[in-house]
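Colleague: Kindly return the folded structure for what I paste below:
(chains A and B)
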Amino acid sequence: MILTTNIQSYSINFHDDESIIRAKQLNIYYSGKLTVENFNLQVPKNKITALIGPSGCGKSSVIRSFNRMNDIIPGFSLEGEVIYKGKNIYSSREDPVRIRRQIGMVFQKPNPFPKSIYENVAFGARINKYQGNLDELVESSLIQAALWDEVKDKLKESAYALSGGQQQRLCIARAIAVSPDLLLMDEPASALDPVATLKIEELMWELKDKYTIVVVTHNMQQASRVSDYTAFMSLDREKIEDRIGVLVEFDETKKLFTNPKLKETEDYITGRFG
Amino acid sequence: MIAEKKISTETNQYKENISRRNRTEKIFNVILLISVLFGLLMLTVLIIDIAVEGYAWVRPELFENYHSRKPENAGMKSAIAGSIIVIFMTGLFSFPVGVGAAIYLEEYAPKNRLTDFINLNINNLAGVPSIVYGMLGLVVFGRMFGLFSIDSWFVKLFNIPIESGATGGWKFFLFDIPWLEIHLPFGRSMVAGALTMSLLILPVVIIASREAIRAVPPSIREGGYALGTTKWHVISTLVLPIAIPGILTGMILSLSRAIGETAPLIIMGAFTYVPFLPKTVWDQFTVIPIQIYNWITLPQTEYRVHLAGAGILVLLFILFLMNGIAIYLRKKFEIKW
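Modeller: Modelled structure (predicted):
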């Protein structure tokens, strides 16, 4: 591990073979307005990395730029590089469809398709012409998403018959059914009740062995419970009126929550933000 | 010491006047109910009036005979057939074009001035009087700018074998397939009528389809994209299945409008007296509203009142049937969220 630090931010780096995706000097714009400035982050393999920070600091913008989901938002533009498997995914030669197929995403609000539970999980596999046994894939994906026991008798029923928490786990099953390298989760539990939230968190722990997870959350307890590494983002204090998001501190979760290097981080995690 | 602003919590500071507010509520309730009843009442009066005059004349002859010089023998077999075939073809033409245009405008069109201009004009086109479409259809489909008349430069240039006679024009088999006969220009055929009707309803079809496509939640699209899906795949497997009930409803309601249209087809040269059933789509035709119009212009009461009334009853029945189908399809394909 190499440490880099300057006055405004603190960050740890990994060797290239320990990291799966890397943001290099990202500037994110919406309709020409700078939203995230000079964002650098290396995401370690097979770990859970949490992205925390106050609302409006650009957490979602960053995570959505990891699989080019921002492309479908009108007015979006980006400077800098996102390096995945040694290539900049924003270079004109890269195909966003191929990238999204390898980097899955789970959204804030559960968004199952208006199809049966089975068809939801099988959707990505069908598109990508899965060659194996589809029934087995659906079963194993639902088992991995800790949903199989609850839905095994009603696979043909509509996904909307499920509760919110079950729907979100179904979306996770749908995402892992195409066996992605990296799973991005944009506040996956913020629309759920505490019990369902706990289930999602347990699920993330179990998925960690097979997948790398980046999770955006505004819940600091959640970040400290589930993640190995935490990146704290905030608004640039020198240009607070412009509301520009910057990375403040990135460290192991334990260190960041017990012994933050920067006062800004400490203020936020102890609830003295502002 | 800072003077505190006193906020009274005394109840006598309020004049709730709840009984008066309730009275206003009731008055508005009645006014709104009256506006509903007005429309319903007019429709009922209309239907009863027509039914009284025409019901006895809805008899087998109406469906078995053509127009006759004796009212008791007169029917509108050819008009019913013409209406059904023309409406069917109108649906066939306008559905793919309308839905295609709606998908392009909602999903693919770049946000720029040209798109804004197109959007504005689609809304404008929905308000253009139908007779204008009739004139357009006559020039474009009916006559094809005279390109296929015997002495046009186009015919001379390509040596097109023009047939002489009343219909004239150029007849050939597309790709030499015997049943794919094409007549140019389209003349007074049902093809020309259906194409004109398609132009007439396209703006409404496009607007209704766009509404239905727009109503599909963006989160569904995002979910699709996040699995590595192309745009077309998201549209065809996720967006369209959700939007199809709305699209079908708009489509059938537009067709219901088209089936009652008279003016454009009269301009196109649809006949009032067609004593035969069409054999091909290139045949001349008439439709129910034209037949009704024809009967109303005749002096005898039997035509003017009774047969016209019977014709209107048939037309209304077809209209209600189509709206019923629209409701059925919407219920059938509706997705329960």
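Colleague: Leaving out chain neighbours, which residue sits closest to the closest residue to chain B within chain A?
Modeller: Nearest residue of chain A to chain B (CB to the nearest CB) works out as A:R101 at 2.5 Å. No exception for glycine: its C-beta is placed from N, CA and C like everyone else's. For A:R101, ignoring the flanking residues on the chain, the nearest one in space by CB to CB, 6 or more residues apart in numbering or on different chains is B:G228 at 2.5 Å.
Colleague: Spell out which residues of chain A are next to chain B.
Modeller: Proximity of chain A to chain B is confined to A:67, A:69, A:72, A:74, A:97-102, A:104-105, A:107, A:109, A:111-114, A:123-124, A:127-128, A:158, A:160, A:171, A:174-175, A:178 under the rule CB under 8 Å from any CB of the partner chain.
Colleague: Tell me the buried residues within those.
Modeller: For those, a burial check counting by 16 or more other CB atoms under 10 Å in any protein chain shown picks out A:67, A:69, A:97, A:99-102, A:104-105, A:107, A:109, A:111-114, A:123-124, A:127, A:158, A:171, A:174-175, A:178.
Colleague: dump the residue contacts of A:P110.
Modeller: A:P110 makes contact with A:G164, A:Q167, A:Q168, A:L170, A:C171, A:A191 under the criterion CB atoms under 8 Å, 6 or more residues apart in numbering or on different chains.
Colleague: my read is it is in a strand, agree?
Modeller: No - per DSSP: H, G, I helix; E, B strand; the rest coil, A:P110 lies outside any strand segment and is coil.
Colleague: Is there contact, residue-wise, from the helix or strand that contains B:K331 to chain A?
Modeller: Assigning secondary structure by DSSP states H and E places B:K331 in helix B:308-333. No - contact check for helix B:308-333 against chain A, using CB under 8 Å from any CB: none in range, with a minimum separation of 10.9 Å.
Colleague: where in chain B is pLDDT low?
Modeller: Along chain B, segments meeting pLDDT under 70 span B:1-11, B:164-168, B:337.
Colleague: got the phi/psi numbers for the residue in chain B positioned nearest to chain A?
Modeller: The nearest approach of chain B to chain A comes at B:G228, 2.5 Å away (CB to the nearest CB). Note on B:G228: backbone dihedrals following degrees, to the nearest 10 are phi 80, psi 50.
Colleague: surely it meets A:V97?
Modeller: Yes - using CB atoms under 8 Å, B:G228 is in contact with A:V97, at 5.5 Å.
Colleague: Now do the helix holding B:K331: distance to the chain's middle.
Modeller: 13 Å (CA atoms, centre = their mean, to the nearest Å).
Colleague: What helices and strands are in contact with that helix?
Modeller: Taking 3 or more CB pairs under 8 Å, 6 or more residues apart in numbering or on different chains; DSSP states H and E as the contact definition, the neighbouring helices and strands of helix B:308-333 are helix B:18-54, helix B:60-64, helix B:77-103, helix B:240-259, helix B:288-297.
Colleague: could these go into TSV alongside mean neighbour count and distance to B:D116?
Modeller: Listed next are these as TSV, based on neighbours: other CB atoms under 10 Å in any protein chain shown; distance: least, CB to CB, whole Å:
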stretch	mean neighbour count	distance to B:D116
helix B:18-54	11	35
helix B:60-64	14	50
helix B:77-103	20	15
helix B:240-259	21	22
helix B:288-297	21	37
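Colleague: Redo these as TSV? Include distance to chain A.
Modeller: Rendered in TSV, the data for those read as follows (distance: least, CB to the nearest CB, whole Å):
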stretch	distance to chain A
helix B:18-54	34
helix B:60-64	43
helix B:77-103	16
helix B:240-259	6
helix B:288-297	39
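Colleague: distance between the ends of stretch A:27-37?
Modeller: Stretch A:27-37 stretches 5 Å from its first residue to its last (CA to CA, to the nearest Å).
Colleague: same deal with stretch A:35-55?
Modeller: With CA to CA as the measure, stretch A:35-55 spans 12 Å from end to end.
Colleague: Contacts only, for the residue nearest to B:I50 when sequence neighbours are not counted.
Modeller: Counting by CB to CB, 6+ apart, B:I50 lies nearest to B:G309, which is 4.7 Å off, once chain neighbours are set aside. Under the criterion of CB under 8 Å, 6+ apart, the contact partners of B:G309 comprise B:I50, B:A51, B:E53, B:G54, B:Y55, B:W57.
Colleague: go with 6 Å
Modeller: If a contact means CB atoms under 6 Å, 6 or more residues apart in numbering or on different chains, then B:G309 has B:I50, B:E53, B:G54 as its contacts.
Colleague: can you list those in TSV and add distance to A:I213?
Modeller: What follows is the contacts of B:G309, written out as TSV (distance: CB to CB, whole Å):
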residue	distance to A:I213
B:I50	70
B:E53	75
B:G54	73
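Colleague: Which single one of the residues you listed is nearest to B:N121?
Modeller: Set against B:N121, the nearest of the contacts of B:G309 by CB to CB is B:I50 (37.9 Å).
Colleague: Ends of stretch B:219-232, what's the gap?
Modeller: Between the opening and closing residues of stretch B:219-232 lies a distance of 16 Å (CA to CA).
Colleague: buried ones in that stretch?
Modeller: Of the residues in stretch B:219-232, those buried by neighbour count under the rule 16+ other CB under 10 Å are B:I220, B:R221, B:E222, B:G223, B:G224, B:Y225, B:A226, B:L227, B:G228, B:T229.
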